[in-house]
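J.: Provided below for reference: sequence and predicted model.
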Amino acid sequence: MKNRSLLTLIFTLLSILFFLLLIFFRTPFPPYPLMSYQDAFDLLTPVVLIPVYWILFENTAGGAFKRGETLAFMVLSSVWVLGQGMHLAANSVNNLAEALAREQVFDMTGTTIYTLTYFFDEHLSHTLWHIGIAGLAALLIYRDWRHPSGEKATWWVTLLSGFLYGFTLFCIFLEGQTVLLGLPFTILITVLTLVWGRQGLAQRPVHAFFFVACLVAVLLFTGWGLYWGGFPEFSDVGLI
């Protein structure tokens with residue numbers, strides 16, 4: 001597929017589905033009720049999204065590949081999958097433990113087992129996963145910046161997909177407790193683009209998409225931080 005703007009929209013919609021919407025599928029999964037539908041569908045997350053990342057990677061720089069860039073893609077994809085897989089398993093166990101405690105069946109939330117599971121679920125997995133997300137975005141921007149394809153961005157698609165993906169980045173970094181990673185990353189991409197990358201941005205649709213997304217995320221972080229006096233998670237302020 002050569003329409004890079006359309007590719008970014010597909011990437012955005014799939015990201016929203018797997019990053020944001022799966023949370024609404026926490027009902028038991030009939031073939032194995034200890035799991036939820038969220039857990040079952042989340043197994044597909046890297047299977048679907050990593051190939052889309054690759055298609056975006058392949059379609060920047062006119063399809064030309066350098067060994068270092070390909071190696072960087074493999075390493076960052078591995079970190080992405082490692083974090084996502086760790087989160088899937090730990091989050092599933094964590095949700096089950098909290099459900100059992102709520103139903104007064106068995107409360108293990110005060111044990112070291114729960115503490116370790118929570119660490120893998122809410123800290124280590126999110127950090128690794130979001131490093132992968134930011135790193136792959138930076139790699140795609142770099143390729144599109146250094147070797148523009150010359151294809152013009154379809155601006156209405158770029159603005160729509162960029163706005164939606166910026167909201168997605170804001171949500172995952174905020175709820176994932178990785179604002180210290182996500183906020184500097186989105187600021188850096190925004191500033192670098194405004195200072196050095198504006199010229200010819202219309203001929204770099206992938207870069208344009210991530211620029212819009214990062215700008216939207218920065219604005220959302222700014223508004224959220226000013227309103228709450230910090231960066232509490234959605235769950236901490238009762239929004240989910």
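T.: Looks like it came in fine.
J.: going forward, measure contacts and count neighbours with C-alpha atoms only.
T.: Noted.
J.: find the residue at the geometric middle of this protein.
T.: I133 (5.2 Å; Cα atoms, centre = their mean).
J.: quick check, that residue in contact with W80.
T.: Yes: counting by Cα atoms under 8 Å, I133 touches W80, with 6.5 Å between them.
J.: surely V157 touches R4?
T.: No: the criterion here is Cα under 8 Å, and V157 misses it with R4 at 9.9 Å.
J.: neighbour count for the two, which is higher?
T.: Per other Cα atoms under 10 Å, whichever of V157 and R4 has more neighbours is R4, with 24 against 18.
J.: what sits against Y32?
T.: Listed by Cα atoms under 8 Å, 6 or more residues apart in numbering, Y32 has no contact partners.
J.: ok, it to T117 distance?
T.: Per Cα to Cα, to the nearest Å, Y32 is found 21 Å from T117.
J.: CA atoms only for stretch 219-237, dumped as PDB, please.
T.: Taking C-alpha atoms only, stretch 219-237 is exported to PDB below (Å, rounded to 0.1, in the frame of the first residue of the first chain):
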ATOM      1  CA  LEU A 219      -1.700  20.000  24.500                       C
ATOM      2  CA  LEU A 220      -3.700  17.300  26.300                       C
ATOM      3  CA  PHE A 221      -0.900  16.700  28.900                       C
ATOM      4  CA  THR A 222      -0.700  20.500  29.400                       C
ATOM      5  CA  GLY A 223      -4.400  20.900  30.000                       C
ATOM      6  CA  TRP A 224      -4.600  17.800  32.200                       C
ATOM      7  CA  GLY A 225      -1.600  18.900  34.300                       C
ATOM      8  CA  LEU A 226      -2.900  22.400  34.800                       C
ATOM      9  CA  TYR A 227      -6.400  21.200  35.700                       C
ATOM     10  CA  TRP A 228      -5.400  18.600  38.200                       C
ATOM     11  CA  GLY A 229      -2.100  20.100  39.400                       C
ATOM     12  CA  GLY A 230      -0.300  17.000  38.200                       C
ATOM     13  CA  PHE A 231      -0.900  13.800  36.200                       C
ATOM     14  CA  PRO A 232      -3.200  11.500  38.000                       C
ATOM     15  CA  GLU A 233      -4.500   8.500  36.100                       C
ATOM     16  CA  PHE A 234      -8.000   8.400  34.800                       C
ATOM     17  CA  SER A 235      -8.800   5.700  37.400                       C
ATOM     18  CA  ASP A 236      -7.500   7.900  40.200                       C
ATOM     19  CA  VAL A 237     -10.000  10.600  39.400                       C
END
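J.: buried residues, that stretch. List them.
T.: Within stretch 219-237, the residues that count as buried by 16 or more other Cα atoms under 10 Å are 219-221, 224, 231, 233.
J.: what's in contact with that stretch?
T.: Against stretch 219-237 from outside (Cα under 8 Å, 6+ apart): 167, 170, 174-177, 179, 183, 240.
J.: so which of the residues you listed wins on neighbours?
T.: F170 (26 neighbours).
J.: no more questions from me, cheers.
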